[in-house]
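K.L.:
The following comprises the amino acid sequence and a computationally predicted model.
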Amino acid sequence: MSGGFTFHRPTAVPAFGPAFGIAMLGTGLLVLLPLAALLLRAAGQSFDSFVDAAFSPRAMAAYRLSFGASLLAAGVNAVVGTVLAWVLVRYRFPFRRIVDALIDLPFALPTAVAGVALTTIAAPDGILGRIAEPFGIKLAFTPFGVFLALLFIGLPFVVRTLQPVLQDLEPELEEAAALLGAGRASTFLRVVLPAIAPAAATGFALAFARSVGEYGSVIFIAGNMPMVSEIAPLLIVVQLEQFQYGAATAIATVLLGASLAVLLVCVVLQRRLERDRVA
Amino acid sequence: MAIRIEGAVKRYGPKVAAIDGVTLETRPGELLALLGPSGSGKTTLLRAIAGLEFLDAGRILIDGDDATALTARERRIGFVFQNYALFRHLSVFENVAFGLRARPRRLRLTEAEIRDRVLPLLRTVQMEEYAERKPAALSGGQRQRVALARALAIEPRLLLLDEPFGALDAKVRRELRRWLRELHDRLGLSTVFVTHDQEEALELADRVAILNQGRLEQLGTPHEVYDSPATPFVAEFLGDALRVPPRLRRALVPDRPHGGLAMVRPHDIELLPPGGPGVPAIVRRTASRGGALLVELELEDGNRIEAEIARGDAHEAEGRIAPGTRVGLRARIAHLFDDAP
Amino acid sequence: MSGHTRPALRDPAPLAWALVGFALLWVGVFLVLPLVVVVTEAFARGWPRFIAALQEPDAIAAIRLTLVIAAISVPVNLVLGVAAAWAIAKHEFYGRGLLAAFIDLPVSVSPVVAGLVFVLIFGAQGWLGPWLQRHDIKIIFALPGMVLATIFVTLPYVARSLVPIMRRQGVEEEEAAATLGAGAVTTLLRVSLPNAALGLLYGVLLTNARAMGEFGAVSVVSGHIRGETNTLPLHVEILNNEYDEVGAFACASLLALLAIVTLVLKLWLERRMRLRAGEGS
């Protein structure tokens, strides 16, 4: 109790030890240890075979598709999600609460269901497919289908990260800007946008990380042609089905590395976000 | 019940000390105020007594027994939070009953016994008819009283109140202040409360402990601390006080013309006819300050000081304080301190 | 539709209309339309075919397995999530952000990777594979593996919905409980969790929805043995691959119903929350 370094700030709130212990044990055994097993397994391979598997032409094509489509989808979601969050926080309109609840649909709807549903819509004889067909655009069974599915699953990450920040935004900021003669547009660009940018970036990063790893909703709509519309997670499954554990491990390691990198960015952003909100 | 704090130190980070070596002792049954500006460490000290903060050094003794290592749960000290911290999902009745229901199994009371304990308490704080309400449906003063009843329900050895009137309007504040004093006299429970309002502390408390930057400046009865401040800080914090500049010292404080620092309260400045003894000055402005009259005076060097006289005072009647009038100033009472910090 | 109550925060009316219109259109096309499609396709050949598709032995076995997996993984994640939220939201310690990041990690890890790691540990080629085989314990291509993969994937949701609420509420009520003599269990069950009850409930609902709907991770560890290790989402894929559209959509519609119920309950919970907040004022 006397001075010096303490790992846990003493408090009258009880049971830090058990809570921390259970949480650490649970995440350790169920998440961290398994992921460490993957990395160890990857490290167990020879460098050459790892590189051969992880960066084979087929794998590179899969990364290009997974990362490219994810980047694009997360980018569109960052913009659309900002608009949706703005509309939901700032306006009152019919069905607002239902729309708000629906934002969580991609969280709640099993990915396989989303996959078959989006495929049906985007197929050449589907509702959207028929609209696109005359223009010579194929939505389903192409890389574009991958983008569509990722658009669906990434949206809530942006909206749900932005909503609380927009809600907490002090109205006085915008009022002050208005009193200083700023129009709505410049108020948004110079006052609101900087305030919500870290949250939007966090949402973008989360949507991106989720999209890179997404499997269920994508494989139905993608067509899954090697080198063309085969996403990286699918390639892992394909290698596993052929008992190519080394190759599967190598590709999974690349994907995990990407997730961890994005997560690191998120932690840094989140920290900024919290600091800004306190200040 | 007496509590003794010995050499209490609480640091936030290596350089910031919230409490920096405080030693003080309460007397059984007294109402003690911890008074100080924000950041003086008063709330930290109160929380440390309750076991909600852990000291980096020092001891806390309850009736002579070392309680430093006891948890808040074990101390049986009633604590009323500044924002009340009522359990928002529980009714008024259940809030007050919480401490009784939280007892270990062998001390658990029956439902009837709980009612017999809670209802009289609700009556005491005049909240009987609100027993089934949720805290959100109560006014600030009502929440305050529920919080008090909840703290009293565990039959605490000591009652602690953190800024008990801080969140209330001026009028409710005054009513509640008087009510709390009466309640204290009725219950005879040793009570410590924190406040930043010197008027509140002086009016309500049996003794006042004045804290500044984590240190105890003075501990005494309201009269002692006001009439004989131990430090310049205490003098300035308990009402206005003028630090007498050396060049005015001889004229303003003729009976103690040398040494240390002299401080004079505005109401201890006497207005004399011009030309006689005292510091020459011109009345520039007067303003009403409730029951007193504020007189703004310009000295010959252009500096301004304030004096305070009772309303309806002879000076006013005789027109001696009309703006532009020349007067002489002299201190009736001055507080002297060894060295000027 | 009405603009902001503070005039300075009101957007020009045409812009506001355009934004709301865009939002409704987007939600309509990307969120409502898929739901509608699932239901209409399921009933495309009428009720009898729909009912028949769900009464198939393989479908019933898949439904049962899905329920069993959820029944095991949701309580485990409830305990882990509450413990993590309690530590993260009510305490300050070194590495608090790190623990929060660990809990959140599965959201950004590919479900396929989540499945793979368990194959690498427990599979025939895995570390413990030979040992498990000797003792005749099946984890991969069996229930335990599917449960492990499901827990991995759904770990974040309880903590994610609890932490923001618990943190915003601060620790004063917990401190008050301590001064009133309450221990850890009383404080948790009578103060902290009731205060965050609605968030907790939604976290559990979401965990349940994701547990029942998990596809990628479970797919990797399941082995797709019909009638044995096939969950409802996996069954949807099999039927879809066999061009049994009515069957696929019948099963999909059950899962869609799960999502809809989850969201309706969320709406109801939010209403309760608003009413509770409005109480008294």
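P.N.:
Nice, thanks for sending it over. What you see is a predicted model, and the numbers here were worked out from it, not measured in a lab.
K.L.:
Show me what residue of the stretch 151-281 of chain C gets nearest to chain A.
P.N.:
residue C:213 (2.6 Å; C-beta to the nearest C-beta). Any C-beta I mention is one placed from the backbone N, CA and C, and that applies to glycine too.
K.L.:
pretty sure that residue is touching residue C:257, no?
P.N.:
No - Residue C:213 lies out of contact with residue C:257 (C-beta atoms under 8 Å); the separation is 11.4 Å.
K.L.:
quick one: contacts for residue A:128?
P.N.:
By C-beta atoms under 8 Å, 6 or more residues apart in numbering or on different chains, the contact set of residue A:128 is A:121, A:122, A:139, C:29.
K.L.:
confidence score at the first one?
P.N.:
Translated: residue A:121. Note on residue A:121: pLDDT of 92.
K.L.:
Would you mind giving the contacts of residue A:128 as JSON lines with neighbour count, distance to chain B and secondary structure added?
P.N.:
Formatted as JSON lines, the contacts of residue A:128 follow (neighbours: other C-beta atoms under 10 Å in any protein chain shown; distance: C-beta to the nearest C-beta, whole Å; DSSP: H, G, I helix; E, B strand; the rest coil):
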{"residue": "A:121", "neighbour count": "22", "distance to chain B": "44", "secondary structure": "helix"}
{"residue": "A:122", "neighbour count": "23", "distance to chain B": "47", "secondary structure": "helix"}
{"residue": "A:139", "neighbour count": "23", "distance to chain B": "50", "secondary structure": "coil"}
{"residue": "C:29", "neighbour count": "13", "distance to chain B": "41", "secondary structure": "helix"}
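K.L.:
low pLDDT regions in the chain?
P.N.:
Answering for chain A, as no chain was given. Scanning chain A for pLDDT under 70 picks out the ranges A:1-6, A:273-274, A:276-279.
K.L.:
wrong one, chain C
P.N.:
Looking at chain C by pLDDT under 70, you get C:1-4, C:277-281.
K.L.:
give the contact list for the residue of the stretch 151-281 of chain C closest to chain A.
P.N.:
Per C-beta under 8 Å, 6+ apart, neighbours of residue C:213: A:108, A:109, A:110, A:111, A:112, A:113, C:233, C:255, C:258, C:259.
K.L.:
isn't the fifth one right next to residue C:235, touching?
P.N.:
By that I understand residue A:112. No - Residue A:112 lies out of contact with residue C:235 (C-beta under 8 Å); the separation is 9.1 Å.
K.L.:
Between those two, which is the more surrounded one?
P.N.:
residue A:112 (30 against 27; other C-beta atoms under 10 Å in any protein chain shown).
K.L.:
what helix or strand is the more buried one on?
P.N.:
Element membership of residue A:112, judged by DSSP states H and E, is helix A:111-122.
K.L.:
do that helix and chain C meet?
P.N.:
Yes - judged by C-beta under 8 Å from any C-beta of the partner chain, helix A:111-122 and chain C are in contact via A:111, A:112, A:113, A:114, A:116, A:117, A:118, A:120, A:121.
K.L.:
Helix or strand next in line after that helix, which one?
P.N.:
Next along from helix A:111-122, by DSSP H and E: helix A:127-132.
K.L.:
got the buried residues for that following helix?
P.N.:
A:128, A:129, A:132 (16 or more other C-beta atoms under 10 Å in any protein chain shown).
K.L.:
before we move on, the earlier item: can you put the contacts of residue A:128 in a markdown table and add distance to residue B:303?
P.N.:
A markdown table is the format used below for those (distance: C-beta to C-beta, whole Å):
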| residue | distance to residue B:303 |
| --- | --- |
| A:121 | 83 |
| A:122 | 83 |
| A:139 | 83 |
| C:29 | 76 |
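K.L.:
Pull the most distant pair out of those residues.
P.N.:
Pairwise distances across these peak at 12.3 Å for A:139 and C:29 (criterion: C-beta to C-beta).
K.L.:
Skip the chain neighbours and tell me the closest residue to the most centrally placed residue in chain B.
P.N.:
Central residue check for chain B by C-alpha atoms, centre = their mean: the C-alpha nearest the mean position is that of residue B:201, 3.2 Å away. Spatial nearest neighbour of residue B:201, chain neighbours left out: residue B:33 (3.8 Å); criterion: C-beta to C-beta, 6 or more residues apart in numbering or on different chains.
K.L.:
Chain C versus that neighbour, what's the distance?
P.N.:
Residue B:33 sits at a distance of 20 Å from chain C (criterion: C-beta to the nearest C-beta, to the nearest Å).
K.L.:
gap between that residue and residue B:77?
P.N.:
Using C-beta to C-beta, to the nearest Å, one gets 17 Å for the distance from residue B:33 to residue B:77.
K.L.:
quick check, nearest of the buried residues of helix A:127-132 to chain B?
P.N.:
Closest approach to chain B among the buried residues of helix A:127-132 (C-beta to the nearest C-beta): residue A:128, at 47.0 Å.
K.L.:
What does the pLDDT read for the closest residue to chain C within the stretch 151-300 of chain B?
P.N.:
Taking C-beta to the nearest C-beta, chain C has its nearest neighbour within the stretch 151-300 of chain B at residue B:154, 5.7 Å off. If you check residue B:154, the pLDDT there is 91.
K.L.:
For it, what are phi and psi?
P.N.:
Dihedral angles of residue B:154 (phi, psi; degrees, to the nearest 10) stand at phi -80, psi 10.
K.L.:
check contacts around the spatially closest residue to it that is not a sequence neighbour.
P.N.:
Ranked by C-beta to C-beta, 6+ apart and with sequence neighbours excluded, the top spatial neighbour of residue B:154 is residue B:99, at 3.9 Å. When contacts are counted by C-beta under 8 Å, 6+ apart, residue B:99 touches B:150, B:153, B:154, C:180, C:181, C:182.
K.L.:
And for residue A:67?
P.N.:
A:212, A:258.
K.L.:
could you redo the last one with a cut-off of 10 Å?
P.N.:
A:208, A:211, A:212, A:231, A:232, A:255, A:258 (C-beta atoms under 10 Å, 6 or more residues apart in numbering or on different chains).
K.L.:
before we move on, what about residue A:133?
P.N.:
Residue A:133 touches A:124, A:125, A:126, A:139, counting by C-beta under 10 Å, 6+ apart.
K.L.:
What distance do you get for it to chain B?
P.N.:
Residue A:133 is 56 Å from chain B, by C-beta to the nearest C-beta.
K.L.:
Which residue is the nearest non-sequential neighbour of residue 160?
P.N.:
No chain specified, so I'll use chain A. Using C-beta to C-beta, 6+ apart, the nearest residue to residue A:160 is residue A:103, at 7.1 Å.
K.L.:
if you could check chain B rather than the one you did, that'd help
P.N.:
Nearest one to residue B:160, counting by C-beta to C-beta, 6+ apart, is residue B:79 at 4.8 Å.
K.L.:
ok, the one you found - how many residues close by?
P.N.:
28.
K.L.:
Repeat that for residue A:46.
P.N.:
By other C-beta under 10 Å, neighbour count at residue A:46 equals 9.
K.L.:
List the contacts of it.
P.N.:
By C-beta under 10 Å, 6+ apart, the residues touching residue A:46 are A:52, A:246.
K.L.:
Ramachandran coordinates for residue C:196?
P.N.:
phi -110, psi 20.
K.L.:
pull the CA atoms of the helix or strand that contains residue B:96 into CSV?
P.N.:
Taking DSSP H and E as the definition, one finds residue B:96 inside helix B:92-101. Output of helix B:92-101 as CSV, limited to C-alpha atoms (Å, rounded to 0.1, in the frame of the first residue of the first chain):
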residue,chain,number,x,y,z
VAL,B,92,-35.7,5.1,-2.2
PHE,B,93,-36.6,2.4,0.2
GLU,B,94,-34.2,-0.1,-1.4
ASN,B,95,-31.4,2.4,-1.5
VAL,B,96,-31.7,2.9,2.3
ALA,B,97,-32.1,-0.8,2.8
PHE,B,98,-29.0,-1.7,0.7
GLY,B,99,-26.5,-1.7,3.5
LEU,B,100,-28.8,-3.9,5.6
ARG,B,101,-29.3,-6.4,2.8
